[in-house]
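Chemist: Have a look at this prediction, sequence included:
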Amino acid sequence: MPDITITIEPEGSRLAASPGETFLDLAKRSGLALNSPCGGKGTCGNCRVIVTEGAQPATEEEQKFFSAEELAMGYHLACRMKLASPMRVLIPPETRAFDQHVLVEGSSRELPLAPLIAKIHVKSPAATIEDQRADADRLCEALNGRVGPAGIPHHIQKGLPAILRKNDFSVTAVLADGRLTGVESGDTTGRLYGTAFDIGTTTVVGFLADLRTGKLLATSSRTNPQISHGDDVVSRIHHISSRPTGLKELQTLIVKCVNEMLQELASAAGISTKDIYEVTLAGNTTMNHIITGVDPTYVAQSPYVAAVRAGQNIHPAELGIRINEGGNVYALPNIAAFVGGDTVAMILSAGLHLSDAMTLALDIGTNGELVLGSREKLICCSTAAGPAFEGARIAHGMRAADGAIDRVDWDGGDLRIHTLGDKKARGICGTGLIDAVAALLDAGVVDPTGLMQSPEEIPPQGAALAKRIVARDSQTAFQLVAARDSGLEKGIVLTQRDIREVQLAKGAISAGISVLMGEMGISADNLERIVLAGAFGNYIRKERAMRVGLIPSIPLDRVHFVGNAAGAGAKLALLAAPCRPEGEELSRRVRYVELGGRPDFQMLFAEAMIFPGEVP
C-alpha cells in the first residue's frame with residue numbers, strides 16, 4: 001500500500017507514514033521526541049496529540065484518558081492512534097520532549113591521580129646490518145622490560161615495522177594497567193584524555209578529563225534516547241525480550257548517544273576523539289547490560305538475576321565506541337539485578353564504606369536505590385517508586401525542563417510558584433510536585449490520608465486556597481496556575497489521582513528505608529547522616545521531603561546533598577584506577593535485600609502511604 005501523508009502542526013512539516021503504524025512509531029522514526037513514559041503501552045496518557053483534520057474514532061483505551069469535550073476536540077494518544085488515512089496532527093507543547101535541566105556535578109572524596117592508561121615515549125637505535133634484532137625485541141628493550149615480546153598483541157605486531165620507521169624508531173607505547181594496547185609513531189605523550197559517563201535511565205552525563213593532570217576540561221549531558229521505549233527499565237527490558245532485534249536497537253541508541261557526546265566533549269576541548277583513551281561507565285544494572293550488549297531479560301523475571309556482576313574491561317571497537325583503538329572501556333560492577341554500577345559509584349564517591357557514621361544514602365528516580373550502613377556493614381535495596389518523581393502519570397507532570405514548576409511555597413495565604421527558566425508554567429516536575437503536596441498538607445487542602453478536601457472542608461488556615469478547588473476529568477483537582485498565567489489552554493492542576501501517585505512513590509521509598517533499618521536493627525534516631533544523590537535528591541528541599549514522609553524526620557543539619565554521585569564515582573574510577581578493586585569488593589560485600597514478596601514490606605508500604613500529620 002502507498003504511504004500516507006501526515007502533516008505535523010504547528011510547524012507544517014509532512015511525514016510519510018506506513019498504513020497501520022501508530023503515530024508514536026512515526027514520530028520515533030522521524031526524530032520527533034514525544035513524552036511517552038510507558039514506552040507506548042497506553043498506560044501513562046502523556047503522548048497526547050490533537051487530530052485537526054482527518055478525524056478517526058477514539059479507541060476504548062483513549063476514551064478512558066479523555067473527557068467528552070477533549071474527544072470532541074480530536075484528542076488521541078499517539079501510541080494508540082493507528083494511521084490509516086491522511087491527517088493533520090497538532091502536537092501540544094506538553095507532549096513534546098524538551099531538553100531537561102540535567103544535574104552534572106557531584107561531590108566526591110579525593111584520591112591521588114592514577115589513571116589506568118599510561119604513555120611512554122621511547123627511542124631505540126635503528127636497525128642495521130650489524131644489529132638485526134627483530135622490531136618487537138627492539139621495542140621491548142627500549143621499554144626496559146615493561147613488556148616482553150609475548151606481551152605485544154598480534155594486531156600491534158602487524159603494523160609495528162611501519163610505525164617504528166615512520167619517525168626513525170621514535171614511538172610512544174600505550175599501556176593499560178601494564179598491558180601494551182597501542183604503539184604510536186613519534187612522541188604523543190602530550191595527548192592523553194579520558195571520559196567518564198553516568199548512563200542514567202533518563203539522562204546521560206559525560207565528563208572529559210586530562211589524564212596527565214586530572215583536570216576536568218568539558219562536560220556534556222542529554223536525555224537518554226532509549227526513553228522513547230519507556231521511562232523505566234522494565235519497559236525497556238520488555239522491548240528487548242519481545243523483539244529479536246530489541247537489544248540491538250537499544251544498544252545502538254545509547255552507543256550513538258555516547259559517540260555524539262564524545263565528539264561534543266572533544267570539540268569543546270579542541271582535541272580529537274582519537275586522543276581519548278578510556279571511557280568509564282556507571283549505570284544501573286539494566287543500562288550496564290544494554291550498553292555492553294548483554295541481554296537483561298532475566299533481570300526483570302523472578303528470581304531477578306543479573307547476567308553480569310563484575311566490572312568489565314572491553315575494547316571500544318567491540319561496542320562501537322569511537323575513541324582511540326588502543327583505548328579501553330570500563331563498566332563499573334553491579335551489585336544485584338536492580339542495584340548497579342551507579343550505586344557502586346555513589347558508595348565510592350561518597351566514601352560510605354570508609355565512614356564510621358551510620359548513613360542512609362538515597363538516589364531517587366523511577367527506581368529508588370537505597371544504601372544503609374557504615375564501614376562495618378552496608379546493605380541496600382531497590383524500590384520501584386514509579387515515574388511520578390520524573391513527572392510521569394501526573395496530569396500535568398513533566399521532566400525538569402524550562403517551564404516546569406520546580407518550587408511551590410505557601411505563606412499562609414496564597415501560593416508562590418516558581419518555574420525553571422522563569423518561563424510560563426507548562427507543567428510540574430518532581431521537586432515541584434513534592435513542594436505542592438507539602439504546601440497543600442500544611443494548608444489543610446489535603447488531609448493525612450491523601451484526600452483532597454472540598455472547599456467547605458478546608459480549615460481556616462487554608463481558606464484563601466478554597467477557591468482553587470475545581471473539577472477536572474471527573475475528579476477533584478487543585479488549580480496551581482490559571483490558564484491566563486500558564487502555557488496551557490486550561491491551566492495547570494494537581495488532581496486527586498496525582499496525590500495518590502505521590503503517595504505510592506513516597507510510600508515505596510519510605511517502606512524500603514524501614515525494611516533496611518529493621519535489617520540493621522536501628523531506628524531513625526540512630527541515623528547520623530542522610531545523603532541525597534541524583535537530580536531529584538539534589539534539588540528537593542529536605543524539609544519538604546520530610547513533610548510528605550519521603551525521608552525520615554531527623555535534624556536538618558544531618559541531611560546532605562552530594563549531587564551527581566554516580567557521575568562523580570565514574571570520574572573517580574577514571575582518574576584513580578586503584579579504586580576499582582574497591583568497587584569490585586563492594587559489589588560482592590554490600591548485601592542486597594530483596595523487597596519483593598516480603599510481608600513486612602507490604603505492611604510498611606501500606607502504613608507509609610499516609611502523610612505525616614506534622615513534622616517538627
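Modeler: Right, received. Where do you want to start?
Chemist: Any buried residues in the helix or strand hosting Lys248, and which?
Modeler: Assigned by DSSP states H and E, Lys248 belongs to helix 246-269. Residues of helix 246-269 classed as buried by neighbour count (16 or more other CB atoms under 10 Å): 246-247, 250-251, 253-255, 257-262, 264-266, 269. Just so you know, the C-beta spots here come from the backbone N, C-alpha and C atoms, and that holds for glycine as well.
Chemist: what's the answer for stretch 19-34, then?
Modeler: 21-28, 32-34.
Chemist: Endpoints of it, how far apart?
Modeler: Chord length of stretch 19-34, first to last residue, is 20 Å (CA to CA, to the nearest Å).
Chemist: And stretch 57-77, by the same measure?
Modeler: 12 Å.
Chemist: now do stretch 381-397
Modeler: End-to-end distance of stretch 381-397: 27 Å, with CA to CA as the criterion.
Chemist: Please apply the same query to stretch 374-393.
Modeler: Counting by CA to CA, you get 36 Å between the two ends of stretch 374-393.
Chemist: likewise stretch 394-412?
Modeler: One end of stretch 394-412 sits 26 Å from the other (CA to CA).
Chemist: Could you export stretch 326-346 as PDB, CA atoms only?
Modeler: Output in PDB follows, covering the C-alpha atoms of stretch 326-346 (Å, rounded to 0.1, in the frame of the first residue of the first chain):
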ATOM      1  CA  GLY A 326      44.400   1.400  21.900                       C
ATOM      2  CA  GLY A 327      41.900   2.500  24.500                       C
ATOM      3  CA  ASN A 328      39.700   0.800  27.000                       C
ATOM      4  CA  VAL A 329      36.100   0.900  28.100                       C
ATOM      5  CA  TYR A 330      35.500   0.100  31.800                       C
ATOM      6  CA  ALA A 331      32.000  -0.600  33.100                       C
ATOM      7  CA  LEU A 332      31.700  -0.400  36.900                       C
ATOM      8  CA  PRO A 333      30.400  -3.600  38.600                       C
ATOM      9  CA  ASN A 334      26.900  -4.300  39.600                       C
ATOM     10  CA  ILE A 335      25.500  -5.400  43.000                       C
ATOM     11  CA  ALA A 336      22.300  -7.100  42.100                       C
ATOM     12  CA  ALA A 337      19.500  -7.100  39.400                       C
ATOM     13  CA  PHE A 338      18.200  -3.700  40.400                       C
ATOM     14  CA  VAL A 339      21.200  -2.200  42.100                       C
ATOM     15  CA  GLY A 340      24.000  -1.500  39.600                       C
ATOM     16  CA  GLY A 341      27.300   0.300  38.900                       C
ATOM     17  CA  ASP A 342      25.700   3.700  39.600                       C
ATOM     18  CA  THR A 343      25.100   2.700  43.200                       C
ATOM     19  CA  VAL A 344      28.700   1.300  43.500                       C
ATOM     20  CA  ALA A 345      29.800   4.700  42.100                       C
ATOM     21  CA  MET A 346      27.700   6.500  44.700                       C
END
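Chemist: Check the gap between Lys542 and Ile434 for me.
Modeler: Distance, Lys542 to Ile434, by CB to CB, to the nearest Å: 10 Å.
Chemist: quick one: which of those two has more around it?
Modeler: Using other CB atoms under 10 Å, the more surrounded residue of Lys542 and Ile434 is Ile434, with 27 against 19.
Chemist: pLDDT at the more buried one, what is it?
Modeler: Note on Ile434: pLDDT of 94.
Chemist: Grab the nearest non-local neighbour of it.
Modeler: Closest residue to Ile434 apart from its sequence neighbours, by CB to CB, 6 or more residues apart in numbering: Arg544 at 5.2 Å.
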